[in-house]
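Participant: the sequence isn't on hand, but the structure is:
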């Protein structure tokens with residue numbers, strides 16, 4: 001395996017790991033400075049960083065392949081998460097030290113975390129495919145338009161547009177159908193999440209240059 005192939009493999013592994021982690025941890029909502037956000041913002045914005053680096057160095061085809069592989073990884077994670085939820089619990093599993101005194105208590109706790117990913121992954125897969133492919137297309141178009149100059153410009157513009165699409169789709173489906181939240185709350189979360197993602201996109205620009213180098 002050449003150094004180029006090894007580098008691509010490393011980015012691919014990081015990218016898929018971030019995608020799968022987003023689907024698993026993203027069910028939690030947290031609050032910071034009275035602003036409610038989904039924990040998926042810890043990992044998901046990093047995938048756009050990976051996509052832009054791969055698109056810049058390895059080209060549109062390799063970046064699109066990475067996006068599709070991440071999509072299939074999400075489907076696999078959904079299948080095995082649902083399988084794990086269905087499997088019957090054992091008495092040995094009961095953990096009294098955590099305040100759970102029966103298999104039913106443990107199962108309820110387990111399902112409270114891992115049942116929702118079905119909604120989350122459905123939403124995220126739809127948003128993911130649309131947003132990431134938009135990101136790759138805009139990035140590649142701007143690369144041609146600028147004669148492969150101004151990496152910072154195509155990195156930020158492609159992410160700003162694609163993250164807007166992603167944030168609207170994933171939060172609308174997950175928060176409304178998955179958590180049954182009101183649209184007033186959902187709109188606030190969408191705006192807060194999008195602003196946070198844009199800030200990350202701006203601050204990660206030096207890391208795009210480092211990654212490309």
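Facilitator: Cool, the structure landed. Since the structure is predicted, the reported quantities are computational estimates derived from the model, not experimental observations. Numbers count the residues shown, from 1 in each chain.
Participant: in a helix, residue 88, correct?
Facilitator: No: assessed with DSSP: H, G, I helix; E, B strand; the rest coil, residue 88 is coil; it does not lie in a helix.
Participant: for residue 103, see how far away it is.
Facilitator: To residue 103, residue 88 is 8 Å away according to CB to CB, to the nearest Å. Yep, even glycine has a C-beta here, placed from its N, CA and C like the rest.
Participant: between those two, which is the more surrounded one?
Facilitator: residue 103 (15 against 7; other CB atoms under 10 Å).
Participant: surely that one meets residue 90?
Facilitator: Yes: between residue 103 and residue 90 there is a contact at 7.4 Å, judged by CB atoms under 8 Å.
Participant: do a quick rundown of the helices in this structure.
Facilitator: For the chain, helices defined by DSSP state H occupy the ranges 3-25, 44-58, 60-86, 103-114, 117-145, 151-173, 183-203, 205-212.
Participant: among those, which is nearest residue 96?
Facilitator: Relative to residue 96, the nearest member of the helices of the chain by CB to CB is helix 103-114, separated by 9.7 Å.
Participant: which neighbours do residue 103 and residue 90 have in common?
Facilitator: Counting by CB atoms under 8 Å, 6 or more residues apart in numbering, no residue touches both residue 103 and residue 90.
Participant: for residue 21, which non-adjacent residue is closest in space?
Facilitator: residue 43 (4.8 Å; CB to CB, 6 or more residues apart in numbering).
Participant: okay, the one you found: pLDDT?
Facilitator: Residue 43 carries a pLDDT score of 90 in this model.
Participant: wait, it sits on residue 25?
Facilitator: Yes: counting by CB under 8 Å, residue 43 does reach residue 25; the two are 7.0 Å apart.
Participant: low-confidence ranges, the protein, go.
Facilitator: For the chain, the stretches with pLDDT under 70 are 116-121.
Participant: centre-most residue in it?
Facilitator: Note on the chain: the residue nearest the mean C-alpha position is residue 44, at 3.3 Å, using CA atoms, centre = their mean.
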